[in-house]
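Peer 1: okay, sequence plus prediction incoming.
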Amino acid sequence: MKADEYLSFDWGMSYLTGISDLSPRTLRYMMRPHLMTSVDFFKYYHETIELIKKYMHTKSDIVPVVGSGRAAMDAALNSFMEPGEKCLFIDNGYWGRYPVDVIAPHYGIKPELLSFQVEKQIDLEVLESKLKEMRKELKAVHLIHVETEIGAINPVKQIGALVKKHVPDALFIVDSASAFPGNPLETDKWGIDVDYYVSHKGFNAPAGLNFVSVSKRAREVLDKRSSRPGSWMTSIKTWLDTWVDCPNDGRHCLESFPIPQLHAVRAKLELLETMGEDFYLKKYEIASRALREGIRHMTQPAGALIARGPACKGCPGCDAKDPNLVSDIKDGRLCAQTMFTVAYPKGFPWRKYMDILENNFWIAAPHFGFGDARKNGYFYSANGMRIGIVRDDQHYPRNIVAMLTAAGMGLRECGVKDVKWERGVEKAVDIMKEYRRIGFQMYGFKT
């Protein structure tokens with residue numbers, strides 16, 4: 001087939017939670033030529049870094065790491081942990097466990113896995129007890145901000161406070177790949193020493209460029225290492241030497257740098273500047289609530305198809321705040337603003353459902369869990385579908401209506417009884433009236 005015959009590349013609509021399609025705004029920025037040896041380039045680069053700091057809410061160094069999203073995770077662990085040192089990995093989903101299985105063994109890091117049920121919020125009392133037990137051993141604590149597998153938003157702020165209280169010498173490392181910039185992030189206030197995010201999710205950019213915040217304390221740990229990091233390309237020191245602690249000219253650029261991805265990240269940062277952070281996050285909150293409530297209201301009782309809970313048990317509601325914005329996490333919602341999951345009934349014909357969404361409605365979404373040999377698990381082997389709200393085009397009213405209509409009609413065609421998809425669409429449309437109230441409209445926005 002010729003490239004032009006792959007119609008889905010141009011006409012398909014994605015509600016994936018991972019790789020972003022390129023928005024028109026992103027493409028406009030990426031089309032700009034670049035000259036890495038120019039004075040203007042380094043001025044532009046440092047402006048971009050300052051914008052990243054602004055929206056990560058940090059004074060830490062921001063270090064680029066070129067590679068897939070896993071390269072940032074690799075760099076965060078490989079750079080600040082030495083062979084034989086212990087790291088506590090907090091697990092309530094696939095990505096919480098991934099570094100235990102894949103990265104830690106590669107570098108001789110001794111992982112301690114603390115697992116929680118995906119259906120519930122992390123139990124802070126259990127975590128606190130574990131931190132007290134290991135206070136003399138731990139060199140780091142690792143947490144996923146938003147667990148992509150299930151769309152869980154974790155209480156980063158509260159966990160950071162516990163780490164500081166009980167293991168003050170340990171580094172607090174956070175993976176914000178699926179969280180930033182669609183969920184609140186207060187890197188310094190929450191006690192995060194190392195936080196990393198990727199270009200290919202909320203930034204509508206291609207994969208290949210990651211940024212890692214490195215606190216002063218983390219920098220001291222890196223400088224005092226008794227051994228070299230186990231990798232050169234994913235060593236934070238490599239990127240500090242060539243992109244932070246270096247002269248602003250092209251002679252120090254020892255590695256190829258993905259400038260088009262930098263342009264794409266800049267596109268989103270300037271949109272944040274134009275809209276304002278509060279407005280931008282409110283847009284995410286409305287879009288995610290419209291999609292979640294739309295799915296919930298297709299069934300009676302409401303919420304039967306939402307995976308986290310399941311059926312939303314234990315959650316104070318879709319209109320509750322992010323758990324990092326409340327004093328008691330019981331008052332915070334369980335789902336993130338960037339994705340959530342739909343639970344299939346037992347025996348559901350998920351391949352037929354995927355075919356209906358893709359070939360009847362031209363909508364792509366991930367219909368399966370990642371799988372895990374150690375667990376039978378809650379969300380593995382095609383037990384559900386994830387719906388992404390990471391990209392701006394996934395917030396557009398027409399796309400939300402299309403996603404909910406296709407999802408509901410497909411569920412009904414696949415034998416799920418009593419699905420009233422139109423009721424879900426009506427609920428979402430009612431919620432999206434808030435777009436107009438905050439000033440977010442097709443012909444512009446007013447903040």
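Peer 2: Alright, I've got the coordinates. Numbers count the residues shown, from 1 in each chain.

Peer 1: domain ranges for the protein?
Peer 2: Domain ranges of the chain: 24-269, 276-445, per automatic domain parsing.

Peer 1: how about those domains, which one is nearest residue 17?
Peer 2: Of all those, domain 276-445 sits nearest to residue 17, with 3.7 Å by CB to CB. (C-beta placed from N, C-alpha, C; glycine too.)

Peer 1: how distant is the closest one from the center of its chain?
Peer 2: 16 Å (CA atoms, centre = their mean, to the nearest Å).

Peer 1: again with stretch 230-243
Peer 2: 24 Å.

Peer 1: before we move on, what about stretch 153-161?
Peer 2: With CA atoms, centre = their mean, you get 15 Å for stretch 153-161.

Peer 1: what sits against residue 345?
Peer 2: Going by CB atoms under 8 Å, 6 or more residues apart in numbering, residue 345 touches residue 416.

Peer 1: how far away is it from residue 382?
Peer 2: 12 Å (CB to CB, to the nearest Å).

Peer 1: again with residue 347
Peer 2: Separation of residue 347 from residue 382 (CB to CB): 11 Å.

Peer 1: need the strands for the stretch 101-250 of the chain, in chain order.
Peer 2: Using DSSP state E, counting those that start in this stretch, the strands of the stretch 101-250 of the chain run over residues 110-115, 138-144, 146-147, 152-153, 171-175, 194-198, 208-214.

Peer 1: pLDDT at residue 277, what is it?
Peer 2: pLDDT for residue 277: 96.

Peer 1: for the strands of the stretch 101-250 of the chain, which one sits closest to residue 438?
Peer 2: Per CB to CB, nearest to residue 438 of those: strand 152-153, 21.4 Å.

Peer 1: which residues are in contact with that closest one?
Peer 2: 92-93, 118, 145-146, 179, 183, 308, 322-324, 332-337.

Peer 1: residue ranges with poor pLDDT in the protein?
Peer 2: Residues of the chain meeting the criterion pLDDT under 70: 3-11, 20-21, 247-255, 303, 306-311, 368-381, 447.

Peer 1: tell me the centre residue of it?
Peer 2: For the chain, residue 178 is the residue whose C-alpha lies nearest the centre (CA atoms, centre = their mean; 0.5 Å).

Peer 1: for that residue, give me its contacts.
Peer 2: By CB under 8 Å, 6+ apart, the neighbours of residue 178 are 17, 144, 145, 146, 147, 148, 201, 202, 336, 338, 339, 390.

Peer 1: quick one, which of residue 347 and residue 382 is more surrounded?
Peer 2: Per other CB atoms under 10 Å, whichever of residue 347 and residue 382 has more neighbours is residue 382, with 17 against 7.

Peer 1: doesn't residue 344 make contact with that one?
Peer 2: Yes. Counting by CB atoms under 8 Å, residue 382 touches residue 344, with 7.2 Å between them.

Peer 1: list residues touching both of the two?
Peer 2: Common neighbours of residue 382 and residue 344 (CB under 8 Å, 6+ apart) are residue 350.

Peer 1: now the residue nearest to residue 333 when sequence neighbours are not counted: how far from residue 240?
Peer 2: In space, not counting the residues next to it along the chain, residue 333 is nearest to residue 320; the distance is 4.1 Å by CB to CB, 6 or more residues apart in numbering. According to CB to CB, residue 320 and residue 240 sit 40 Å apart.

Peer 1: which one of these two has more residues nearby?
Peer 2: residue 240 (20 against 17).

Peer 1: distance-wise, check that one relative to residue 285.
Peer 2: For residue 240, the distance to residue 285 - CB to CB - is 36 Å.

Peer 1: same thing with residue 391?
Peer 2: In this view, residue 391 and residue 285 are 15 Å apart by CB to CB.

Peer 1: neighbour count winner among these two?
Peer 2: Taking other CB under 10 Å, residue 391 and residue 285 do not tie; residue 391 has more neighbours (26 against 22).

Peer 1: picking up where we left off before, mean neighbour count and distance to residue 445 for the strands of the stretch 101-250 of the chain - can I get that in CSV?
Peer 2: Formatted as CSV, the strands of the stretch 101-250 of the chain follow (neighbours: other CB atoms under 10 Å; distance: least, CB to CB, whole Å):
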stretch, mean neighbour count, distance to residue 445
strand 110-115, 17, 42
strand 138-144, 25, 32
strand 146-147, 28, 25
strand 152-153, 28, 25
strand 171-175, 26, 30
strand 194-198, 29, 24
strand 208-214, 25, 27
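
Peer 1: for residue 422, find the nearest of those strands.
Peer 2: strand 152-153 (29.3 Å).

Peer 1: pull the distance from the closest one to the chain's centre.
Peer 2: 9 Å.
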